[in-house]
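Peer 1: Whatever this is, show me its structure:
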Amino acid sequence: MTIDTAIDGTQATMAIEGWLDTQTAPQLAKALDGLGEGVTSLTLDLKDLEYVSSAGIRQIVAAHKRMGGHMVLTNVREEVLEVLRLTGVAPRLNIS
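Peer 2: Residues are numbered from 1 along each chain as shown. Coordinates of the predicted model:
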């Protein structure tokens, strides 16, 4: 998995590519920790995210909580969206 992060003031965008699973979820946690206190809103661009497991979903939900709900998931592939729906977290997230 690769994560490309861009920060513009208080807004961060992370483009995630590959698989977000048990092995790679800690990588996302570390990237989120690296954002710093000044970042108050986050966009996760999931255009190139091929797969997400429960460990990955935990990191997405944790990021959503950390941002106080000021997080958007964009370009979500149908396969990933289906997993978010099946696990019941999709209605709680801002998906565009």
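
Peer 1: Assumed residue 26 was part of a strand.
Peer 2: No. Counting by DSSP: H, G, I helix; E, B strand; the rest coil, residue 26 is not found in a strand; it is helix.

Peer 1: pLDDT of stretch 83-94, averaged?
Peer 2: For stretch 83-94, mean pLDDT is 96.

Peer 1: So for that stretch, what gets flagged as buried?
Peer 2: Using 16 or more other Cβ atoms under 10 Å as the test for burial, stretch 83-94 gives 83-84, 89, 93. The way it works is simple: take the backbone N, C-alpha and C, and place the C-beta from them, glycine included.

Peer 1: I'd guessed residue 92 sits against residue 64; true?
Peer 2: Yes. Using Cβ atoms under 8 Å, residue 92 is in contact with residue 64, at 7.3 Å.

Peer 1: related to what we said a few turns ago, quick check, nearest of the buried residues of stretch 83-94 to residue 47?
Peer 2: Nearest to residue 47 among these: residue 84, at 15.0 Å, using Cβ to Cβ.

Peer 1: Flag every buried residue along stretch 12-25.
Peer 2: Buried positions in stretch 12-25, judged by neighbour count with 16+ other Cβ under 10 Å: 12-16, 19-20, 24-25.

Peer 1: quick one: which two of those are the most distant?
Peer 2: Of all pairs drawn from the buried residues of stretch 12-25, the greatest distance, 21.6 Å, lies between 12 and 19 (Cβ to Cβ).

Peer 1: my read: residue 11 touches residue 67, true?
Peer 2: No. Using Cβ under 8 Å as the test, residue 11 is too far from residue 67 to be in contact (10.4 Å).

Peer 1: Cool, thanks, signing off.
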